[in-house]
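*Asks:* Below is the structure, and that's it, no one-letter string:
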């Protein structure tokens with residue numbers, strides 16, 4: 001899945017002097033306070049972090065409430081979806097006009113009817129519904145399905161993604177993986193067949209066989 005990236009950064013984390021006796025715990029607390037929220041400086045949502053303190057002698061910054069500035073080197077895992085990227089999410093709600101999913105367990109995504117390709121037709125059975133492919137009856141999207149879709153736009157404030165299922169490689173991930181695996185197996189079989197045919201063109205001494213018989217010349221007396 002796209003949209004995930006690792007960033008390395010030199011940061012200064014502000015810690016209250018009352019917590020300066022255990023800087024590592026204080027820094028971890030500060031970084032953890034911004035988990036799963038969009039940070040403009042990182043251009044993404046912080047999912048996890050690792051860090052090392054460069055100098056355990058923090059500098060006290062003057063002000064109405066003084067803080068200690070602690071310099072660290074951090075390794076950050078960020079979720080930063082952009083238009084046309086490919087994401088995967090779990091369907092949590094489905095209706096005739098839209099599909100709603102959750103990405104990575106926290107980001108919401110919505111795919112409206114206009115962004116669902118005509119191949120899929122909405123079918124309702126009892127209180128549940130599903131989008132079923134007209135071309136492949138076993139290719140269905142329903143509540144609980146993991147889907148692959150592309151990004152149309154992103155609302156960073158609410159961490160909401162507007163998605164699309166117009167691309168041919170989008171849909172139910174389980175069906176797509178199985179279909180792609182079968183296609184790959186078919187291609188490998190065809191390649192083995194081509195290789196076998198090529199090997200038949202050589203005799204036991206390694207000399208290439210003549211595909212055509214040598215022509216004979218007839219003379220008329």
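*Replies:* Okay, I see it. All values reported here derive from a predicted model rather than from experimental measurement. Residues are numbered from 1 along each chain as shown.
*Asks:* and the closest residue to residue 150 other than its chain neighbours, how many neighbours?
*Replies:* Of all residues not flanking residue 150 in the chain, residue 164 sits nearest, at 4.9 Å (Cβ to Cβ, 6 or more residues apart in numbering). Any C-beta I mention is one placed from the backbone N, CA and C, and that applies to glycine too. Neighbour count for residue 164, taken as other Cβ atoms under 10 Å: 19.
*Asks:* got a list of what residue 164 touches?
*Replies:* Contact analysis of residue 164 by Cβ atoms under 8 Å, 6 or more residues apart in numbering lists 111, 115, 149, 150, 151, 152, 170.
*Asks:* Kindly report the same for residue 179.
*Replies:* Going by Cβ under 8 Å, 6+ apart, residue 179 touches 136, 139.
*Asks:* cool, residue 117 as well?
*Replies:* Listed by Cβ under 8 Å, 6+ apart, the contact partners of residue 117 are 165, 166, 167, 168, 170.
*Asks:* Going by distance to residue 80, which of the contacts of residue 164 wins?
*Replies:* Nearest to residue 80, judged by Cβ to Cβ, of those is residue 151 at 10.7 Å.
*Asks:* what about the closest one, which helix or strand?
*Replies:* strand 146-155 (DSSP states H and E).
*Asks:* Can you list the strands that that strand pairs with?
*Replies:* Paired strands of strand 146-155, with direction, are strand 86-95 (antiparallel), strand 160-164 (antiparallel), strand 171-172 (antiparallel) (DSSP bridges).
*Asks:* Throw these into TSV and include mean pLDDT, thanks.
*Replies:* Converted to TSV, those look like this (pLDDT from 0 to 100):
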stretch	mean pLDDT
strand 86-95	97
strand 160-164	98
strand 171-172	96
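*Asks:* picking up where we left off before, put together TSV for the contacts of residue 164, with pLDDT, neighbour count and distance to residue 142 on each row.
*Replies:* What follows is these, written out as TSV (pLDDT from 0 to 100; neighbours: other Cβ atoms under 10 Å; distance: Cβ to Cβ, whole Å):
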residue	pLDDT	neighbour count	distance to residue 142
111	98	27	14
115	97	18	18
149	98	29	15
150	97	20	20
151	98	20	22
152	97	16	22
170	95	22	16
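*Asks:* Can you add distance to residue 61 and give those back as TSV?
*Replies:* Rendered in TSV, the data for those read as follows (distance: Cβ to Cβ, whole Å):
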residue	distance to residue 61
111	47
115	49
149	46
150	45
151	40
152	43
170	50
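*Asks:* Between which two of these is the distance greatest?
*Replies:* Most distant of those, by Cβ to Cβ, are 152 and 170, 11.9 Å apart.
*Asks:* re the thing from before, quick one: which of the contacts of residue 164 is nearest residue 69?
*Replies:* Distance to residue 69, by Cβ to Cβ, is smallest for residue 151 among the contacts of residue 164, at 36.9 Å.
*Asks:* Any idea what that closest one is bridged to?
*Replies:* Bridge pairing for residue 151 (DSSP bridges) gives the partners residue 163.
*Asks:* Give me the domain ranges for this protein.
*Replies:* For the chain, automatic domain parsing gives the domain ranges 4-79, 86-174.
*Asks:* any idea how far residue 79 is from the residue nearest the centre of the chain?
*Replies:* With distances taken as Cα atoms, centre = their mean, the chain has residue 1 as the residue nearest its mean C-alpha position (1.1 Å). Distance of residue 1 to residue 79, given as Cβ to Cβ, to the nearest Å: 10 Å.
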